[in-house]
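J.: Kindly generate the corresponding structure for this input.
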Amino acid sequence: MDRPPFSLYSLSRPPSSSQNGTSLSVYNNNLHLSSFLHANSYYFYFYRRGTTPTSTVVEATVKHRRKNKVKNREVASTAATVCDNQSQFTQTNTNKQKRCNVFLWNGMIRDYVKNGLHRKALRLYHQMLHEGIEPNRLVFISLINACGSLSDLQAGREIHEDAIARGFDSDLCVDTALASMYARCGCLEDAHEVFDRMPERDVASWNAMISAYGQKGNPYESLAFFKEMQVHGMKPNAITVASVLSTCTDILALKLGKQIHGYVIRTELESHVIVVNAIIDMYCKCANVENAHKLFERMPKRDVVSWNALITGYAKCGSVNIAVKLFETMPHRDVVSWNAIIAGYSQNGYCYEALAFFNEMQVQGLKPNLITMVSVLPACADLLALELGKQIHCYVIKSGFESHVAMGTGLIDLYTKCGNVNIAHKLFQRMPQQNVVTRTAVIAGYSQNGHPHEAMAFFNEMLMQGIKPNSITMVNVLPVCADLFNLQQGRQIHSYVIRSGFQSDVNVGNGLIYMYAKCGYIGIARQVFDKMSSWNVVSWTTMILGYGIHGHGEDALALFSQMQQTGTKPNHITFIGVLTACTHAGLVDKGWQYFECMKSDYGLEPELRHYACLVDLLGRSGHLDEAHNIIKNMPFESDAVVWGTLLGACRIHRNNELGEEAAKRLFELEPNNAGYYVLLSNIYAEAERWEDVAKLRTMLKQREVKKQPGCSLIEVNREVHTFLTGDRTHPCSERIYAMLGTLYGQMKEAGYVPNTNLVLQDVEEEVKKNMLYSHSEKLAIAFGIINSSPGNPIRIIKNLRVCSDCHNATKFISKIVGRKIIVRDANRFHHFNGGLCSCGDYW
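T.: Okay, the predicted model is just below:
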């Protein structure tokens, strides 16, 4: 029989019955113990033999079990065997029973807690009391720790009362465990009260409070305890320093972290791996990875935590390649190591690589945990890999992770990005805990999937329930205000941002710029931009795009030049804004230069959307053949956006042949888009090709293509009013149509002629005029004239591209009433003033 390396087995002969009071029976049991070690049945074995194992044997057995990494479930099975055979306790000698019971119960409770079986430990404690066995101080410490791990405050209070009743309330170790337990249960006041009542305190007591406040989101209280600890003459140890460094990491207090690093060097605490790991983690999370790497290189001894901290630091700062190299060279990897790489790839847009590592992790035999799932879900969402996401969701349910807030939020993000908003909402409703993060995810999902009304309703419901929005909520709800043209709520959110101190958040500032620009207030958008404390590439890009859609091409290009001077590198979207600005300003040569400098100066390969902008630039300026050549020779297959841009240019420049070719391609790509039929019909009508107009109408009927109804919105006196084409349901309909009648009479006198060619229905000419007469934007404009003060601008938002008749009519109206009229259609803003439009009649 192989003997475990215990000093007990070095005995050459059995001791006599008088040696240390140990019976021969106990000795024989000890000799036979090795056959039971791997099964972890030492408690049950001694109990069945009617003897009590010595403390030496127990300690040796526990050490051997840990060394051989025996599974917790096997330990649980062993202890359960003892509990299930309670009746056998009564069969032994009374004295032996007493000694055996005290040891067995106390030992098993401590062992359950050490192996994470906290509920079973609490149940065993109550059984122990029922049997009349008195717990000792070590049992109370174990049970208090179990309650803290479970965050079970009620059970913790009961154990606390029992400890007081048995005179352990003044025990230093018990009090320290109690303070830690209350803190872990979220009762910091109770923890503080226990700490204050302690007759004496040691380093562990102070460490419990420092760690408690740090982990519960009270970093400054934690640092205050650290300072007070030194005032009382207590010298911090390695655990103290590690806890304080973790607090510095949470609040990104790099300066204080460096000071503590200096203290570590002076007090020679650098020999403790736990301390150096905490310093590395602090430097990494404070974006000072170089210092972290230098410290890592100087470490005489590293553990897996050291490697993981540095790998995570490089991954989070975007240096994924360096993180992977470290990962490949580390001697031992655990789940945290794999999670760091998966999260790094996912967060930096390398979604396929993240999924590949996720697959390889499982091939290597490692079981994904909660963090793994939370890290891999964004990769599935960004790739729109719904089927893989569903498989992960099934695994999450089986593993019991679905109730975690972070996991629920990740699943909501996955389903919303894949277009399944209803499933996302059901997931939200089933979540046991719903906080501001999960609610923000739902708002973002509704907004990104074209449901702005639902997003706004959900946000308002959140406010009514007293849940305080955070900066991320603001970033997601501001675009909703813009989509709904809800300037009133947008301004209220702006006020909330200022009151809450969010104005320093660059992402919130970007959202405000977008909201004001898209609501037609480009001047206020620029004011917000100028007041921002810092800008990123999104800030510059949003402002440039705002100028572009408002037709302020020169302002957009001037801002782009200013952006270049600051050293901010533009991205692909920035150049879309720049090329759009060149288009609206008619700067063909400059547009070409910017297009070419994308690759030459910034290493950005033009994408399909940039070629579409170039086609628009050339087409608007009349270079139709050149635009056509761009389409034929570009390294992408042309889509409906490109051909639609060319068709619009052909209508303006009356190029029938090229227009027909573009329309033919469009009818293949998007046969149910009525807008393209309307454009081609306009081309035929302007060329007086009435037979072709009739054929087009027949085609529309045969294909059952229905034109999307026009809808226009206007906000008056903080209320948004909606109008449809031909709408007579509004309470002010009589006054609106009366106003339109008056305006039409004045417009005809000024030279206005309705463009009835835009009406594709085969009806009488007078009917066509009446149909144009009641277009939704005209109804909204008339309502705005009636219900707003003279001289105030009228702001309209329309769901479709404004038709040429309404565009022409609005120019006349702006001159007749002396009002500035701002219309946002599906493509851009039109600023009408004095009979002119900012688009130069080209849109």
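J.: The helix or strand where residue 258 lies packs against which elements?
T.: Taking DSSP states H and E as the definition, residue 258 sits inside helix 254-266. Judged by 3 or more Cβ pairs under 8 Å, 6 or more residues apart in numbering; DSSP states H and E, helix 254-266 is in contact with helix 238-250, helix 273-285. Using the backbone N, CA and C atoms, a C-beta is placed for each residue, glycine as well.
J.: Could you check how many residues crowd around residue 574?
T.: Counted by other Cβ atoms under 10 Å, the residues lying close to residue 574 total 24.
J.: Which residue comes closest to it once chain neighbours are left out?
T.: Leaving aside its sequence neighbours, residue 574 sits nearest to residue 541 (Cβ to Cβ, 6 or more residues apart in numbering; 4.4 Å).
J.: these two touch, right, the one you found and residue 568?
T.: No. Contact status for residue 541 versus residue 568: not in contact, 9.5 Å apart, counting by Cβ atoms under 8 Å.
J.: Look at these two and report which has more neighbours.
T.: Using other Cβ under 10 Å as the criterion, residue 541 and residue 568 rank with residue 541 on top: 26 against 16.
J.: Would you mind measuring from residue 828 to residue 550?
T.: Going from residue 828 to residue 550 by Cβ to Cβ, to the nearest Å gives 8 Å.
J.: To clarify, my last question referred to residue 648.
T.: Going from residue 648 to residue 550 by Cβ to Cβ gives 19 Å.
J.: Neighbour count for those two, which is higher?
T.: Taking neighbours as other Cβ under 10 Å, residue 648 and residue 550 compare with residue 550 leading, 27 against 23.
J.: residues contacting the more buried one?
T.: Listed by Cβ atoms under 8 Å, 6 or more residues apart in numbering, the contact set of residue 550 reads 517, 522, 828-829, 831, 838.
J.: Closest one to residue 157 out of those residues, please.
T.: Checking the contacts of residue 550 against residue 157 by Cβ to Cβ gives residue 517 as the nearest, at 56.5 Å.
J.: burial of the closest one, as a residue count?
T.: 26.
J.: Okay, helices next: where are they in the stretch 401-550 of the chain?
T.: 405-417, 421-430, 436-448, 452-464, 471-483, 487-500, 506-518, 522-531, 537-549 (DSSP state H, counting those that start in this stretch).
J.: Mind giving me the packing neighbours of the last one?
T.: It refers to helix 537-549. Packing partners of helix 537-549 (3+ Cβ pairs under 8 Å, 6+ apart): helix 506-518, helix 522-531, helix 553-565, helix 572-585.
J.: Could you dump those helices into JSON lines and include distance to residue 339 and mean pLDDT?
T.: Compiled in JSON lines, these are given as follows (distance: least, Cβ to Cβ, whole Å; pLDDT from 0 to 100):
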{"stretch": "helix 506-518", "distance to residue 339": "26", "mean pLDDT": "95"}
{"stretch": "helix 522-531", "distance to residue 339": "39", "mean pLDDT": "95"}
{"stretch": "helix 553-565", "distance to residue 339": "37", "mean pLDDT": "94"}
{"stretch": "helix 572-585", "distance to residue 339": "31", "mean pLDDT": "91"}
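J.: just to revisit the earlier point, between the helices and strands packed on helix 254-266, which one is nearest to residue 160?
T.: With Cβ to Cβ as the measure, helix 238-250 is the member of the helices and strands packed on helix 254-266 nearest residue 160 (23.6 Å).
J.: got the angle for the closest one vs helix 254-266?
T.: Taking axes from the mean of the first three to the mean of the last three Cα atoms, to 10 degrees, one finds helix 238-250 and helix 254-266 inclined to each other by 160 degrees.
J.: relative to helix 273-285, how tilted is helix 238-250?
T.: Going by the same axes, to 10 degrees, helix 238-250 makes 10 degrees with helix 273-285.
J.: Contacts made by helix 238-250 with the rest, please.
T.: Contact partners of helix 238-250, identified using Cβ under 8 Å, 6+ apart, comprise 203-204, 206-207, 210-211, 213-214, 219, 222-223, 226, 229, 236, 253-254, 256-257, 260, 263-264, 269, 272, 274-275, 277-279, 281-282, 285-286.
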